[in-house]
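A.B. asks: Give me the fold of what follows.
(2 chains)
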Amino acid sequence: MTPLKTRLPIYLPDATRGVVKSLDTNDLLNCGVEGVVVNTLHLAETPGLDYLRKIGGVKKLMGFEGLVVSDSGGWQLFSLIHRSNSQGSITNDGVFFKNGTNRKNIFTPEDSISSQFDIGSDILICLDDFTPPNSNSLRERESVERTILWAQRCKAEFERQVDKRSLSDTSLPLLFSVIQGGFDRKLRAQCASELIAIGFDGYGYGGYAVTENGLDLELSKFVADLIPNDKYKFALGSGTLSDIANLAGYGWQIFDCTLPTRDARHGRLYIYNSALNFPAEYVYIERSKFSEDQSPIDDTCDCHTCKNFTKSYLHHLFKIKDFTAYRLATIHNLRCYTRLTEFLRKPSI
RNA sequence: GCCGUGAUACCAAAGUGGUCAACUGGAGCUGACUGUAAAUCAGCUGGCUUAUGCCUACGGGGGUUCGAAUCCCUCUCACGGCA
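C.D. replies: Predicted structure coming up:
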């Protein structure tokens, strides 16, 4: 297994379509962001896998040399299917879905893996069967069985692709699978042990871990403990700053979450120390009380935004809806996340 | 001075006899967002108080009517035209 060249824990913002919305790769590096998560399904749609293969993958597309994880695309399909009912269905063969031209497509575990090779990511994720939090036990059981079945097929396809592409041992990407099972610990344990038996480089915390009361911390710990310590532990989709601090304490090492970037675009900015103690106090930058505020968003922050601009200016940019507002806000929120992971990497005294 | 048009809640702007405490924007206030079809979405924004309750409200005053933001008279102000 090729070890990751980065220190852990690490937070990877979501660059679903090959961009962390409103930022370029220089911005990412300046925020201390060392990697991103891209989405297989979205990239397959545009710019397309043929093109990505031709130019040498998404890193070339983005001009980014850092760590790239590709998500399988399963979550999107299920999310779309659940959201807009009857736009698709899930079977053991794969996921059937309708695309923009109303043609019915199937997306299989094999499709997902070969697509991820075209994308050229460092970490590939097996297609898994995502369940929403209100799923019944029958559905959860089905999800676990299918996730295991698909993981086997993904691993087989992974090995096929390695041969086909004549990849050397040093250039092999990592393959992660995802532990499902909802809130049922027996199912989680069963899913984990069967996936571990198949053998992957890392394991993800699957499903929708967040409830009305936020992240289920005890379950997160339980699932982390199911994974051997010589394997990577990826808490998919998590979380808030305080979630990540907690999850890292349980052994989770890799995180991705849309929250900080989306919050930024929606004008909800973080104060580092406050945000660690969830529920956090936020700077809702569009509030009129900031219209003449000459201080930075967070005076403990060393990001480009805080070092150079006042809340007053940010407020103004948001009010006039200039794109720069979203960029500067995203830079700040991301820097909060990298500050946290940098802090968590320090050996505790 | 005469003629015309207009004056609606913080701003803009609907409404021209009852279903209007008043459409809709903006502004404002609270919030939401966790493997991104999200530069998005929700609630509130006259007062008392939280109720299928009362009070005060559509420039001021007066009138018609069972009932007026809506009709009439008058005053004030604004804009346009003619002197």
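A.B. asks: mind listing the strands for the stretch 1-150 of chain A?
C.D. replies: Here the stretch 1-150 of chain A has its strands, by DSSP state E, counting those that start in this stretch, at A:10-13, A:35-39, A:67-71, A:88-90, A:95-98, A:104-107, A:123-125.
A.B. asks: which bits of the stretch 151-300 of chain A sit near RNA strand B?
C.D. replies: Selection of the stretch 151-300 of chain A residues close to RNA strand B by CB under 7 Å from any atom of the strand yields A:178, A:180, A:204, A:206-210, A:214-215, A:236-240, A:243, A:256-259, A:261-263, A:265-268, A:279, A:282, A:284, A:286-289, A:291. Where you see a C-beta, it was placed from the backbone N, CA and C, and this is true even at glycine.
A.B. asks: okay, the strands of the stretch 1-150 of chain A in CSV with mean pLDDT, distance to RNA strand B and mean neighbour count next?
C.D. replies: As requested, the strands of the stretch 1-150 of chain A are exported to CSV (pLDDT from 0 to 100; distance: least, CB to the nearest atom of the strand, whole Å; neighbours: other CB atoms under 10 Å):
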stretch, mean pLDDT, distance to RNA strand B, mean neighbour count
strand A:10-13, 98, 6, 26
strand A:35-39, 97, 5, 25
strand A:67-71, 97, 4, 26
strand A:88-90, 82, 9, 17
strand A:95-98, 79, 8, 19
strand A:104-107, 80, 13, 16
strand A:123-125, 98, 5, 27
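A.B. asks: hmm, what's the outermost residue in chain A?
C.D. replies: Centroid-distance maximum for chain A: A:Glu292 at 36.3 Å, with CA atoms, centre = their mean.
A.B. asks: ok, for that residue, nearest residue in space, not its chain neighbours?
C.D. replies: Excluding its sequence neighbours, the residue lying closest to A:Glu292 (CB to CB, 6 or more residues apart in numbering) is A:Ser312, at 5.4 Å.
A.B. asks: tell me which element that neighbour falls in.
C.D. replies: Counting by DSSP states H and E, the element that carries A:Ser312 is helix A:311-319.
A.B. asks: Can you give me every residue that contacts A:Phe309?
C.D. replies: A:296, A:328 (CB atoms under 8 Å, 6 or more residues apart in numbering).
A.B. asks: Run through who's touching whichever strand or helix holds A:Leu187.
C.D. replies: Assigned by DSSP H and E, A:Leu187 belongs to helix A:185-198. Residues from elsewhere that reach helix A:185-198, judged by CB under 8 Å, 6+ apart: A:140-141, A:144, A:147-148, A:151-152, A:155, A:177, A:179-182, A:203, A:219, A:222-223, A:226-228, A:231.
A.B. asks: Give me the next element, helix or strand, following that helix.
C.D. replies: Heading C-terminal from helix A:185-198 (DSSP H and E), you reach strand A:202-205.
A.B. asks: now that next one: mean pLDDT?
C.D. replies: For strand A:202-205, the mean per-residue pLDDT is 97.
A.B. asks: following that strand, which helix or strand comes up?
C.D. replies: strand A:210-211.
A.B. asks: The helix or strand following that next one pairs with which strands, and in what direction?
C.D. replies: Next along the chain after strand A:210-211, taking DSSP H and E as the criterion, comes strand A:214-215. Strand A:214-215 has its sheet partners listed here by DSSP bridges as strand A:210-211 (antiparallel).
A.B. asks: Which ones among the residues of the stretch 151-300 of chain A next to RNA strand B map onto strands?
C.D. replies: A:178, A:204, A:210, A:214-215, A:256-257, A:268, A:282, A:284 (DSSP state E).
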